[in-house]
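Engineer: sequence below, structure please.
(chains A and B)
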Amino acid sequence: ETGVTQSPTHLIKTRGQQVTLRCSSQSGHNTVSWYQQALGQGPQFIFQYYREEENGRGNFPPRFSGLQFPNYSSELNVNALELDDSALYLCASSLERNTDTQYFGPGTRLTVL
Amino acid sequence: KQEVTQIPAALSVPEGENLVLNCSFTDSAIYNLQWFRQDPGKGLTSLLLIQSSQREQTSGRLNASLDKSSGRSTLYIAASQPGDSATYLCAVRFLGSGYALNFGKGTSLLVTP
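Structural biologist: Numbers count the residues shown, from 1 in each chain, chains lettered A, B, ... in the order given. Next up, the predicted model:
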């Protein structure tokens, strides 16, 4: 059984650019959630996708968007990057949307200059 | 506003000591509470999950308690080891917040040999 994987590991962008982060869910999991973790803070919920549809969203602007594919892999897209978007981005997969156990990936460290 | 607070922010103890990490939350209407471990620059590993109807959960040297009415949880680590050094995060799933986990900022634990 493979775990949750994320790519890339690290990424450096400049303000105003766009970025796409990728997540491969654990085998058989149809639900993925994305979190943003700024340095020294706890993760903040961005949104959740269930069977390719957005299933809940946190307090993030529309320039944060996502996709979930038929194989349940997922992307997080951020447009018009701002300096405050610098953070560790974590994805977590679960077997079903109402399953409490979530498996987190290692994260993507995004730096915006 | 639904918030999760963790005290202390950092803790340093000598190897072998028993220790307690604290988590408080502002709304007693919760589905469950989880404790996670995060190693530097890494993703999250789930340690214990307590449903709202439960009072405690145990796994090896770890014991987590939940007092929903007072909005508090504690994570007890027995006979601490240097390998326990990490950041410990408390996350609450509040009723009405969908499937989002609301995290505290964490307690950074250092166990010295």
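Engineer: need the contact list for A:Thr14.
Structural biologist: A:Leu81, A:Val112, A:Leu113 (CB atoms under 8 Å, 6 or more residues apart in numbering or on different chains). (C-beta placed from N, C-alpha, C; glycine too.)
Engineer: let me know the pLDDT of it.
Structural biologist: Looking at A:Thr14, its pLDDT reads 98.
Engineer: tell me the SS of whichever residue of chain A sits closest to chain B?
Structural biologist: Proximity of chain A to chain B (CB to the nearest CB) peaks at A:Gly42, 3.2 Å away. When classified by DSSP: H, G, I helix; E, B strand; the rest coil, A:Gly42 comes out as coil.
Engineer: would you mind listing what in chain B touches chain A?
Structural biologist: B:4, B:31-32, B:34, B:36, B:41-46, B:49, B:51, B:89, B:91, B:93, B:98-106 (CB under 8 Å from any CB of the partner chain).
Engineer: dump stretch A:91-105 to PDB, keeping only the CA atoms.
Structural biologist: The C-alpha trace of stretch A:91-105 is given here as PDB (Å, rounded to 0.1, in the frame of the first residue of the first chain):
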ATOM      1  CA  CYS A  91      -2.600  17.200   1.300                       C
ATOM      2  CA  ALA A  92      -4.500  14.500   3.100                       C
ATOM      3  CA  SER A  93      -6.500  11.600   1.700                       C
ATOM      4  CA  SER A  94      -9.200   9.600   3.400                       C
ATOM      5  CA  LEU A  95     -11.200   6.500   2.400                       C
ATOM      6  CA  GLU A  96     -14.500   8.400   2.300                       C
ATOM      7  CA  ARG A  97     -15.500  12.000   2.900                       C
ATOM      8  CA  ASN A  98     -16.900  11.100   6.300                       C
ATOM      9  CA  THR A  99     -14.000   9.100   7.400                       C
ATOM     10  CA  ASP A 100     -12.100  10.600  10.300                       C
ATOM     11  CA  THR A 101      -8.800   9.100   9.600                       C
ATOM     12  CA  GLN A 102      -6.800  11.200   7.200                       C
ATOM     13  CA  TYR A 103      -3.400  10.300   5.900                       C
ATOM     14  CA  PHE A 104      -1.100  13.300   5.300                       C
ATOM     15  CA  GLY A 105       1.600  13.600   2.600                       C
END
